[in-house]
Structures are given as structure tokens and as C-alpha cells.
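**Q** can you look at this prediction? I've put the sequence above it.
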Amino acid sequence: GGGGRKKFSPARHAAAVLAAADTDASGDISPRELRYMLAIHPATAWARAAVDTRQPRHARSVSPAEQVTMRAERTEAIANDIWSFQDVDRDGILTLAELLASAERWARSLRRSADAMRRRQEEEEE
């Protein structure tokens with residue numbers, strides 16, 4: 001095939017996350033390193049996206065300063081969610097093995113979801 005997207009590789013993904021977040025070259029990721037990655041890395045811009053305040057009730061009640069605070073709080077909540085899912089052994093660090101296991105679970109979940117959607121579509125076509 002042509003130049004389409006590469007197939008997701010859990011090993012490649014885990015190694016890339018570790019390389020991007022391990023700022024002290026310790027071979028693992030600390031909570032501080034994860035928060036820093038979410039705060040600055042181009043691949044994690046989604047975690048810093050502006051909070052949608054376009055609804056009329058928000059426009060009147062959420063100031064620009066409050067939007068900044070909301071964005072920081074949301075990014076911190078995302079970091080906590082990621083950490084609670086990734087740090088399986090609860091030792092306060094993320095290892096390559098934990099990142100790889102997580103990426104493999106994610107890949108299996110995506111495959112199951114795609115299979116279920118494909119089956120549903122086939123049933124609708126019958």
C-alpha cells in the first residue's frame with residue numbers, strides 16, 4: 001500500500017511515550033514528568049485544549065482567568081486519570097513494561113470496538 005498511516009504498534013507507542021516523557025533519563029516516568037509532558041509536548045496538545053465556554057451561560061460566567069484555571073485543572077485531572085490507569089503496581093513510577101501493557105490493552109480494546117462496529121454494520125446490511 002501507499003503512504004497511509006502506520007499500523008499501531010504497542011511497543012513503538014510505549015517506547016515513544018517513555019522517550020518523550022523521561023526528561024531525567026532514569027528509564028521510567030515520574031508523576032512530575034507525566035504532568036510536564038502533558039503541559040508541553042506537541043503530541044499531548046489535546047490535554048491542554050481550551051475548555052469550551054461558547055454556551056451562553058458560560059460566556060457570561062467564565063472569565064478568561066477562570067478559563068486558564070479550568071484548563072490547568074482539567075490537564076491535572078487527565079494526568080491523574082492516566083496515572084491511575086498506567087501505574088498498575090502503584091509504586092509511583094511508570095516503567096516501559098507498564099506502558100507496553102497499557103498500550104497492548106488499548107490496542108485490544110480498539111480491535112474489539114472495530115470488530116463490533118463491523119458486525120453491527122454487516123447486520124444492518126442484511
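**A** Happy to help now that I have it.

**Q** show me the contacts for M70.
**A** 51, 62 (CB atoms under 8 Å, 6 or more residues apart in numbering). Heads up, the C-betas are built off the backbone N, CA and C, glycines and all.

**Q** one more time with 7 Å
**A** Residues near M70 by CB atoms under 7 Å, 6 or more residues apart in numbering: V51.

**Q** show me what the helix or strand containing R120 packs onto, helices and strands only.
**A** Counting by DSSP states H and E, the element that carries R120 is helix 96-125. Judged by 3 or more CB pairs under 7 Å, 6 or more residues apart in numbering; DSSP states H and E, helix 96-125 is in contact with helix 10-21, helix 64-86.

**Q** quick one, the longest one and helix 96-125 angle?
**A** When you say that, I think you mean helix 64-86. Here helix 64-86 runs at an angle of 100 degrees relative to helix 96-125 (axes from the mean of the first three to the mean of the last three CA atoms, to 10 degrees).

**Q** list the buried residues for helix 64-86?
**A** Using 16 or more other CB atoms under 10 Å as the test for burial, helix 64-86 gives 75, 78-79, 82-83, 86.

**Q** of the residues you listed, closest to P31?
**A** W83 (6.0 Å; CB to CB).

**Q** distance of that closest one from A65?
**A** Separation of W83 from A65 (CB to CB, to the nearest Å) stands at 27 Å.

**Q** what's the neighbour count on D87?
**A** 18 (other CB atoms under 10 Å).

**Q** pull the number of nearby residues for the spatially closest residue to A43 that is not a sequence neighbour.
**A** Nearest residue to A43, sequence neighbours excluded (CB to CB, 6 or more residues apart in numbering): A20, at 6.8 Å. Look at A20: counted by other CB under 10 Å, it has 16 neighbours.

**Q** over to the one 3 residues further on?
**A** A count of neighbours around T23, defined by other CB under 10 Å, yields 12.

**Q** name the helix or strand for it, please.
**A** Per DSSP H and E, there is no helix or strand for T23.

**Q** host element of the closest residue to it other than its chain neighbours?
**A** Using CB to CB, 6+ apart and skipping residues adjacent in sequence, the residue nearest T23 is E33, 5.4 Å away. Under the criterion of DSSP H and E, E33 resides in helix 31-40.
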